[in-house]
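Colleague: For reference, the sequence and a predicted model appear below.
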Amino acid sequence: MNTEFDNNSNHHGGSHRETGSGSVPLVPTGIDPTRSESVPSVEPKEGRHASPARERLDAIERRGESRVHAPSRVRVLSIEGSDPIGGAGTMADMKTFTALGVFGYAAMTSVLAQNTRGVSSIVTMDPDFLLAQLDAVGGDADIDSIKIGMLGTRDLVSIVRGWLVRLEADYEHAGKKKPVVVLDPVMYAKSGDCLITSEARQALRTLIPLADIITPNLPELAFLSRTETSRPKRCGSDGHGSDGHGSRSTGPATPADMERWARDVCARYRIRVYAKAGAFALEGADDCTDILAEPVPPDRGGDGVRIIRMEGSAVRTSNVHGTGDTLSSSLAALRPQCRSWEETARRAKTWITGAIAAADRLHIGRGHGPVDFTWRHAPTGLSFSADFWNRVEPVRSRISSMEFIRRMVAGTLDPSDFSFYLHQDDLYLHDYTSLLALASARAHRIEERVFFGESASFGVQEGLGFHAGWYRDHGFDDSRAPMSEVTAAYIGHEHRMADTGSYGALIAAVMPCFWLYAAMGKELRTQVERAHVDMGAHPYAQWIDMYSDAGFLDRTVRELDICDRVAAGSSIEEYQLMMKSALLSAEHEYRFFEQGIERPAVGF
């Protein structure tokens, strides 16, 4: 099984199963139109128009026609135990498969009573029932890839091994591509505590030749390399004593140890090894460089192992429940979509790093929580507007306490300061209303087109109309005051968001000019009423009335509803762009108010 060469890299590989392309699962994952190794090279025909490129294109077209009935999704089987908290085992595999665009099958090896704080009980499947599950899947559906996780007993290992040998023989006889096999040799917890019996651990070795890649943790890697280390520990034939392999303490493992063990296991078993550095991150290391060890043709004096270092920075979190299962299932999901194991491993590392980085916001369990399998999707636990309101709280606090606002409430703000602010608002509104009109043009829903069109009209009629009246009453000559650098920066930011072409980024950029003004209008109205101020005599009553008016508050709520709807259907990249757009606009709003007193540079 593990004696052929990798045609993609000209290195000795662990298998002859080479499939897939590097496309992201926005397209069907079962179709691979770009896979170079699957298109035979053809000698160019004689003639003026013949060329190797033309012949290759012809071959690609013929391959496309031959795959007219190809499945739209890669199909992956998980052979694993369950986890009712949903962060590990079969549940983690199914979520990973869906997140990476593949269709998942499952055969359960055990049922656990487990949560983020530990395992309280395990019921191991009867070997015959596990076989019945495997036969039910394999006898009915094609399988492109297999992830094998916790088996637990020697009998279960034997069942899986026998079934896999028969399945591959059947596929070979039928002329079908054999499935990719990813083996997570579950033997030890991260702590080094034993999870299965000595007999089961020894039986697991017999599965290695049937796999394309294995994904051991550090204690498992040490065991397979027969290296003495501080882990694993307390693992005898009954799971509670020493079995003579890797049980004597020689000090904590290091990244250099991990790479050496991976090289040793790869050379010994002629199998690819993905060695995970997450244990070092949990112990405080800043670096998190995983290792992919691949068998290659031995050079003179070489050991026949190619080491690929996949650099990364540690993510500071204790929520890593199920990361081993998730990594191995992501490899199984991605390999049929990629050109090589190196590409597969790098994509898997990128994906799981994102899932780990998003884990802390899940708030699941009281122990070591799971990763966020849906990290590439917009949050569903809170709306975009609620998320923004929480994140923008520091800016809101600064606006509320700034001198410009305090003087406005007290009615002591110098009219010249307010006039300067209003004139900058004039210059801003000319661009702002054009952006509202652009949002109207980009909107797909008629009610949103109408809303943004009406909002642009309001900005011109009400906002600019109020400004003109103030200038007239206070003798301010707006023709003599140029644009400030603060106003220019705000306008520049909103146009950059518009230039992304994203409707979401555009409407998020204009949102704070609705919401922060509405919030300020409400707050100022409350403050002057509590102070029993005579609004009829207040110099800035008209401004406060305009932004605390029920009509403006209604427009603000409608804008927030639109932002929430668009964000809810967006990708995580679009959601993050919307949030960045809104938060930067909020910061610009603070500086916009501040310039009324601070007087930044002008002339832009």
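Modeller: Noted; the coordinates are in hand.
Colleague: Report the contact partners of the residue lying closest to residue 180 once chain neighbours are set aside.
Modeller: Nearest in space to residue 180, with sequence neighbours left out and distances taken as C-beta to C-beta, 6 or more residues apart in numbering, is residue 145 at 4.1 Å. C-beta: built from backbone N, CA, C; applies to glycine. Contact analysis of residue 145 by C-beta atoms under 8 Å, 6 or more residues apart in numbering lists 74-77, 102, 179-182, 332-333, 335-336.
Colleague: Does residue 145 have any beta-bridge partners, and if so which?
Modeller: Residue 145 has these beta-bridge partners by DSSP bridges: residue 76, residue 180.
Colleague: pLDDT score for it?
Modeller: Here, the pLDDT recorded for residue 145 equals 98.
Colleague: Can you tell me, leaving aside adjacent residues, what's nearest to residue 391?
Modeller: Nearest non-adjacent residue to residue 391, counting by C-beta to C-beta, 6+ apart: residue 583, 6.2 Å away.
Colleague: do residue 375 as well
Modeller: Per C-beta to C-beta, 6+ apart, closest to residue 375 is residue 358, 3.8 Å.
Colleague: now that neighbour: how far from residue 352?
Modeller: For residue 358, the distance to residue 352 equals 11 Å [C-beta to C-beta, to the nearest Å].
Colleague: for residue 552, same thing?
Modeller: Note on residue 552: its distance to residue 352, by C-beta to C-beta, is 46 Å.
Colleague: Can you pick out the residue with more neighbours from the two?
Modeller: Taking neighbours as other C-beta atoms under 10 Å, residue 552 and residue 352 compare with residue 352 leading, 26 against 19.
Colleague: Tell me the residues that contact both of residue 358 and residue 352, please.
Modeller: Residues touching both residue 358 and residue 352 by C-beta under 8 Å, 6+ apart: residue 371.
Colleague: so where's the stretch 401-550 of the chain shaky on pLDDT?
Modeller: The stretch 401-550 of the chain contains residues with pLDDT under 70 at 463-464, 478, 480.
Colleague: Would you agree residue 532 falls within a helix?
Modeller: No. If the criterion is DSSP: H, G, I helix; E, B strand; the rest coil, then residue 532 is coil and not within a helix.
Colleague: The longest strand seen in the chain pairs with which strands, parallel or anti?
Modeller: Longest strand in the chain, counting residues (DSSP state E): strand 103-115. Sheet pairing of strand 103-115 (DSSP bridges) gives strand 75-81 (parallel), strand 118-124 (antiparallel).
Colleague: closest one to residue 396 among those strands?
Modeller: Comparison of these against residue 396 by C-beta to C-beta identifies strand 118-124 as nearest, at 42.1 Å.
Colleague: Low-confidence ranges, the stretch 151-300 of the chain, go.
Modeller: Counting by pLDDT under 70, the ranges of the stretch 151-300 of the chain that qualify are 189-193, 227-251, 300.
Colleague: do that again at 80, thanks
Modeller: Low-confidence segments of the stretch 151-300 of the chain (pLDDT under 80): 189-195, 227-252, 298-300.
Colleague: ok, which stretches of it are helices?
Modeller: Counting by DSSP state H, counting those that start in this stretch, the segments of the stretch 151-300 of the chain that form helices are 154-174, 198-204, 218-225, 255-269, 278-282.
Colleague: Give me the distance between the helix or strand containing residue 557 and the centre of its chain.
Modeller: Using DSSP states H and E, residue 557 sits within helix 550-568. Taking the mean of its C-alpha atoms, helix 550-568 sits 28 Å from the chain's own mean (C-alpha atoms, centre = their mean, to the nearest Å).
Colleague: So which elements touch that helix?
Modeller: With contacts taken as 3 or more C-beta pairs under 8 Å, 6 or more residues apart in numbering; DSSP states H and E, helix 550-568 sits against helix 384-391, helix 446-458, helix 503-530, helix 572-598.
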